[in-house]
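Visitor: give the three-dimensional model of this entry:
(one chain, ligands or ions: 2)
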Amino acid sequence: MTFHFLGQSGFFVQTGDYEFLIDPFLTGNDTAADKPGDFSPAYIILTHAHGDHYGDTEAIATRSGATVVASYEVVTYLGKKDVKGQPLNIGGEVTLPFGTVKQTPAWHSNSLPDGSYAGMPAGILLGLEGKRIYHAGDTGLFSDMAMIGRGGLDLAILPIGDLLTMGPKDALEAVKLLKPKQVIPVHYNTFPMIEQDAEAFKARVENETDAEVVILNPGERLTL
Ligand code: NI
Ligand code: MN
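Guide: Ligands and ions are numbered 1, 2, ... in the order given. This is a model prediction of the structure:
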């Protein structure tokens, strides 16, 4: 399977015969290497509905007919726009044709682009091809990450931008709790306020843990 980085927290995932998007923020993202029209996924998974995650969800789903996997409140909102949805809430897991998707806690806030209530923000735990992948969404550090790491993680996607999410120091602590094999840092350098040195983060994590940090520029991919 491949995880193609869209920039900010977004990914285009190809697994078996299936393709899906996570947090597809492309329009208005100056760092993005892709355009919304490049993708016609069957599913779009959202950690939460802030603009830098919700992004092009509505336009892509309307065009491709994708089902949006998100909080009950976001799915209800999109339903009024004739977009199909699969609601989840924290702790809930759904089995889809390509694997499993489970919502995990995230310490953050959440609202839709028009300001309406979007339910709880979340992380997502994916079960794909026998591998476990955790996308933390936007969150601060929390000790229950150790529980998410139980059972082993092949990949953890963690924000390092600080101010609005964990910064590099707390993301290092998150790696120690999660114990993933590989880490992709995200949610940095998209805007001046979340500028970070990803190479310094990589050096520190690889010095203090067994995890490998994979730095992806928008448009680059990791094969698992
Ligand atoms: Ni957010
Ligand atoms: Mn964000």
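Visitor: correct me, but residue 165 touches residue 190?
Guide: No. Between residue 165 and residue 190 there is no contact under CB atoms under 8 Å: 11.6 Å. For glycine as for every other residue, the C-beta is placed from the backbone atoms N, C-alpha and C.
Visitor: mind listing what's buried in stretch 211-224?
Guide: 211, 213-214, 216, 218, 221-222, 224 (16 or more other CB atoms under 10 Å).
Visitor: for residue 156, which non-adjacent residue is closest in space?
Guide: Spatially, and ignoring its direct neighbours in sequence, residue 156 is nearest to residue 180 (3.8 Å; CB to CB, 6 or more residues apart in numbering).
Visitor: find me the pLDDT at the one you found, would you?
Guide: pLDDT recorded at residue 180 is 99.
Visitor: quick check: it vs residue 134, distance?
Guide: According to CB to CB, to the nearest Å, residue 180 stands 7 Å off from residue 134.
Visitor: out of the buried residues of stretch 211-224, which is nearest to ligand 1?
Guide: residue 218 (18.2 Å; CB to the ion).
Visitor: who touches that closest one in this structure?
Guide: Shown in contact with residue 218 (CB atoms under 8 Å, 6 or more residues apart in numbering): 5-7, 29, 31-34.
Visitor: I'd say the residue nearest to residue 156 and residue 154 touch.
Guide: Yes. Counting by CB under 8 Å, residue 180 touches residue 154, with 6.9 Å between them.
Visitor: comparing the two, which residue is more hemmed in?
Guide: residue 180 (26 against 17; other CB atoms under 10 Å).
Visitor: who's in contact with that one?
Guide: 134, 149, 153-156, 211.
Visitor: which residues touch residue 213?
Guide: Here residue 213 is in contact with 182-185, 198, 201-202, 205-206 (CB under 8 Å, 6+ apart).
Visitor: go again with 7 Å.
Guide: Residue 213 makes contact with 183, 185, 201-202, 205-206, according to CB atoms under 7 Å, 6 or more residues apart in numbering.
Visitor: sorry, back to before: specify the beta-bridge partners of the residue nearest to residue 156.
Guide: As for beta bridges, residue 180 partners with residue 153 under DSSP bridges.
Visitor: what about it, distance to ligand 1?
Guide: Distance, residue 180 to ligand 1, using CB to the ion, to the nearest Å: 22 Å.
Visitor: distance from the chain centre to stretch 62-80, please.
Guide: The chain centroid and the centroid of stretch 62-80 are separated by 17 Å, computed with CA atoms, centre = their mean, to the nearest Å.
Visitor: give me the contacts around it.
Guide: With CB under 7 Å, 6+ apart, stretch 62-80 has contacts from 40-46, 49, 57-58, 60-61, 83-89, 94, 101, 112, 116-120, 122.
Visitor: so is it next to ligand 1?
Guide: No. Applying CB under 5 Å from the ion, one finds stretch 62-80 out of contact with ligand 1, separated by at least 12.8 Å.
Visitor: need the distance between the two termini of stretch 88-97.
Guide: One end of stretch 88-97 to the other measures 16 Å (CA to CA, to the nearest Å).
Visitor: ignore what I typed, I meant stretch 195-215.
Guide: For stretch 195-215, the first-to-last residue distance is 14 Å (CA to CA).
Visitor: now that stretch, how far from the centre of its chain.
Guide: With CA atoms, centre = their mean, you get 19 Å for stretch 195-215.
Visitor: same question for stretch 149-156.
Guide: With CA atoms, centre = their mean as the basis, stretch 149-156 stands 15 Å off its chain's centre.
Visitor: alright, calling it a day.
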